[in-house]
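K.L.:
Provided below are the primary sequence and the corresponding predicted coordinates.
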Amino acid sequence: MKIVILFAVFFVCRIFQNIFTKRTSGLVNGRTQLLTYTSYQYLLCMLLSLPAFLSAKAAFPTTPALIWAVIGGIAMFSSSMCCLMALKSGVLFILTTLFSSISIMIPNTASIFLFSEKMSIAQWIASAALIYSAYLLLGCSKEAYKSFSFKSILFLIGIFLAEGFTMLSS
C-alpha cells in the first residue's frame, strides 16, 4: 500500500510539473527567472512528497543511492529548464512531452548492455512509433511557429537526454 501512495504522489508531482512548466513558459523572460521558477517548482514537489516519504518510514539511503538521487535530481531539473527554453523558442508543448516519453529508450538501451536484458518486439515497435510521431510533430511545429530553429532541436535533445538520465538513475 505504501508503494501505491508513493507512486500516486509521484504522478501528482509530474502532473503539477507539466502544468507549471506550460503556465510559466510565457512568463519567463530571462535565465534568473527561469532558474527561480524551476527551483520553486521542485521545492513544491519536494514538500508535496515529504509526507508520503515520512509515512513510509524508509531507512536513510546509502551513499551510492544518494549519489544516484542527486544525479537524477540534476537531470530532472535540467529537463525542466530545457522544456521551458524549448517552449520559449517555439516548440509545441506536446512535442516536449513526446521527447520526454521517447527518453525511455535510454534506460531500455542501457539495460541491454548493463544487465544483458533484451527488448521485446513490442518495445522496439513502440520506440519506432514514438520516433516517427516525433518526426511528424516536428514538421507541425515548424509550420505553426516560424521561430522554430536549430536551437529548438537542441532543447528537445536536452529534454530527451535529461529525462533519459532521470529514468536511468531511478
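P.N.:
Sure, I can see it.

K.L.:
Tell me where this structure has helices.
P.N.:
Shown for the chain, the helices assigned by DSSP state H span residues 2-25, 31-56, 63-88, 93-102, 105-115, 121-144, 150-169.

K.L.:
okay if I get those helices as JSON lines plus mean neighbour count and mean pLDDT?
P.N.:
C-beta coordinates here come from the backbone N, C-alpha and C atoms, glycine included. Converted to JSON lines, these look like this (neighbours: other CB atoms under 10 Å; pLDDT from 0 to 100):
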{"stretch": "helix 2-25", "mean neighbour count": "14", "mean pLDDT": "71"}
{"stretch": "helix 31-56", "mean neighbour count": "14", "mean pLDDT": "72"}
{"stretch": "helix 63-88", "mean neighbour count": "18", "mean pLDDT": "81"}
{"stretch": "helix 93-102", "mean neighbour count": "20", "mean pLDDT": "82"}
{"stretch": "helix 105-115", "mean neighbour count": "14", "mean pLDDT": "87"}
{"stretch": "helix 121-144", "mean neighbour count": "13", "mean pLDDT": "81"}
{"stretch": "helix 150-169", "mean neighbour count": "19", "mean pLDDT": "88"}
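
K.L.:
What values do phi and psi take at residue 117?
P.N.:
phi -80, psi 160 (degrees, to the nearest 10).

K.L.:
hang on, isn't it packed against residue 107?
P.N.:
No. Using CB atoms under 8 Å as the test, residue 117 is too far from residue 107 to be in contact (10.1 Å).

K.L.:
Skipping adjacent residues, who's closest to residue 151 in space?
P.N.:
Closest residue to residue 151 apart from its sequence neighbours, by CB to CB, 6 or more residues apart in numbering: residue 89 at 5.5 Å.

K.L.:
quick one: the one you found and residue 152 touch, right?
P.N.:
Yes. Judged on CB under 8 Å, residue 89 makes contact with residue 152 at a distance of 4.5 Å.

K.L.:
mind listing what residue 71 touches?
P.N.:
165, 169 (CB atoms under 8 Å, 6 or more residues apart in numbering).

K.L.:
please redo it, this time with the cut-off set to 10 Å
P.N.:
Going by CB atoms under 10 Å, 6 or more residues apart in numbering, residue 71 touches 165-166, 168-169.

K.L.:
how about a markdown table for those, with distance to residue 64 added?
P.N.:
Shown next, in a markdown table, are the contacts of residue 71 (distance: CB to CB, whole Å):
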| residue | distance to residue 64 |
| --- | --- |
| 165 | 16 |
| 166 | 17 |
| 168 | 14 |
| 169 | 11 |
